[in-house]
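Peer 1: Generate a structure from the sequence data that follows.
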Amino acid sequence: MTFCPNCPEQTVTDPPSFVYEDYYHPQVVNVIHPVEVIRRHHCVPIPKHCYSYSVKDVMCTVSSVRSRKKR
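Peer 2: Sure thing, here's the model as predicted:
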């Protein structure tokens, strides 16, 4: 036979916990954001390549041309 003690019941109460139900209602708040447009102009150097040419005529004589020797 097993021994089963007769223990009296007890009641313990915890402190209350709270459950919140939040309800939100719209409230119009006008927020003004002023914007000022500032147009800034900048000079940017961009290279533009220009070429100048000169032409020169040079006279060559026949003696300046090497002649081949035959063997």
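Peer 1: Flag the shaky bits of the protein, pLDDT-wise.
Peer 2: Applying pLDDT under 70 to the chain flags residues 1, 63-71.
Peer 1: just the helices in it please.
Peer 2: All residues of the chain lie outside helices when identified by DSSP state H.
Peer 1: what about the strands in it?
Peer 2: Taking DSSP state E, the chain contains no strands at all.
Peer 1: What's the local residue count around residue 54?
Peer 2: By other C-beta atoms under 10 Å, 4 other residues sit near residue 54. Heads up, the C-betas are built off the backbone N, CA and C, glycines and all.
Peer 1: mind checking the end-to-end distance for stretch 6-19?
Peer 2: Using C-alpha to C-alpha, to the nearest Å, one end of stretch 6-19 lies 38 Å from the other.
Peer 1: which residues touch that stretch?
Peer 2: Counting contacts by C-beta atoms under 8 Å, 6 or more residues apart in numbering, no residue outside stretch 6-19 touches it.
Peer 1: Just the buried positions in it, please.
Peer 2: Buried residues in stretch 6-19, defined by neighbour count with 16 or more other C-beta atoms under 10 Å: none.
Peer 1: from the middle of its chain, how far away would it be?
Peer 2: Centre-to-centre, stretch 6-19 and its host chain are 60 Å apart (C-alpha atoms, centre = their mean, to the nearest Å).
Peer 1: just stretch 21-28 next, same as before
Peer 2: Taking C-alpha atoms, centre = their mean, one finds stretch 21-28 lying 37 Å from the centre of the chain it belongs to.
Peer 1: do stretch 19-37 as well
Peer 2: Distance of stretch 19-37 from the chain centroid (C-alpha atoms, centre = their mean) equals 30 Å.
Peer 1: That stretch: which residues count as buried?
Peer 2: Neighbour counts using 16+ other C-beta under 10 Å place no residue of stretch 19-37 among the buried ones.
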